[in-house]
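Trainee: structure for this input, please:
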Amino acid sequence: MKFSRSLLLTFVAAAAVVSTSCSDHGSPTAPAAPQQISADLIGDLTYGLQGLLLQCTPMPAYHASQVIGPDGGTLVIGPHTFTVPRGALTSPVLITADAPHDNLNRVIFQPEGLTFRTPAALTMSYANCQGLGSLLPKHIAYTNDLLQILSFINSIDNIFTNKVTGQVNHFSEYVLSW
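Mentor: Model (predicted):
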């Protein structure tokens, strides 16, 4: 029995040496060549400078506006909703939101810079998104005008409804990312 174990170990070691010596790894001190990922696998992703934005099938452009005050309220922007809780604003404010016809699910709010005493809730749909990015956990990202991610807001991804909800403390532009 000992003879067969040592013979088996010798065979496995020899097979390992042969298989590694026959492959083309370059020189022993050269860094490993980077593996390329198929564009078909990640075709639904855009690489931003600071993160990944979720690519989606474009939806129609949506626009909504409503005066929301201290009692709170909800604004519906196509498949997205924005809910301001009671007490988040001290006076009535005309809030506008635009979700442009784009391959990114994003919402642009006005007046820019408006802050809330308690966080409002932005719920964004990704029902029109498919591929690898739609399978990974999603977040709502705060971006600049060039769509560079500045930060991620606290978000909860509900894969059963295909929606992400995040806490918004101020107005700017928000985009779905993973």
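
Trainee: helix or strand: which one has Gly87?
Mentor: Assigned by DSSP states H and E, Gly87 falls within no helix or strand.

Trainee: now do the contacts for it.
Mentor: By Cβ atoms under 8 Å, 6 or more residues apart in numbering, the contact set of Gly87 is Pro70, Gly72, Arg117, Thr118. For every residue, glycine as well, the C-beta is placed using N, CA and C.

Trainee: top of the residues you listed by neighbour count?
Mentor: Gly72 (15 neighbours; other Cβ atoms under 10 Å).

Trainee: next one: phi and psi at it?
Mentor: Dihedral angles of Gly72 (phi, psi; degrees, to the nearest 10) stand at phi 80, psi -180.

Trainee: ditto for the one 10 residues further on
Mentor: For Phe82, the backbone dihedrals (degrees, to the nearest 10) come out as phi -130, psi 120.

Trainee: what residues are up against it?
Mentor: Neighbours of Phe82 in contact, by Cβ under 8 Å, 6+ apart: Thr74, Leu75, Ile95, Ala97, Val107, Phe109, Ala120, Ala121, Leu122, Thr123, Val168.

Trainee: Thr165 versus that one, what's the distance?
Mentor: As judged by Cβ to Cβ, to the nearest Å, Phe82 and Thr165 stand 10 Å apart.

Trainee: repeat for Leu89
Mentor: From Leu89 to Thr165 the distance is 19 Å (Cβ to Cβ).

Trainee: okay, these two: which has more neighbours?
Mentor: Taking neighbours as other Cβ under 10 Å, Leu89 and Thr165 compare with Leu89 leading, 22 against 18.

Trainee: so the more buried one sits against Pro111, correct?
Mentor: No - judged on Cβ atoms under 8 Å, Leu89 makes no contact with Pro111 at a distance of 11.6 Å.

Trainee: for stretch 141-158, measure first residue to last.
Mentor: 16 Å (Cα to Cα, to the nearest Å).

Trainee: which outside residues touch it?
Mentor: So stretch 141-158 is in contact with 48-51, 53, 104, 106, 122, 137-140, 164-169, 172-177, going by Cβ under 8 Å, 6+ apart.

Trainee: just the buried positions in it, please.
Mentor: Buried residues in stretch 141-158, counted by 16 or more other Cβ atoms under 10 Å: Ala141, Tyr142, Thr143, Leu147, Ile149, Ile153, Ser155, Asp157.

Trainee: ok, stretch 53-60 next?
Mentor: So, applying 16+ other Cβ under 10 Å, buried residues of stretch 53-60: Leu53, Leu54, Gln55, Cys56, Met59.
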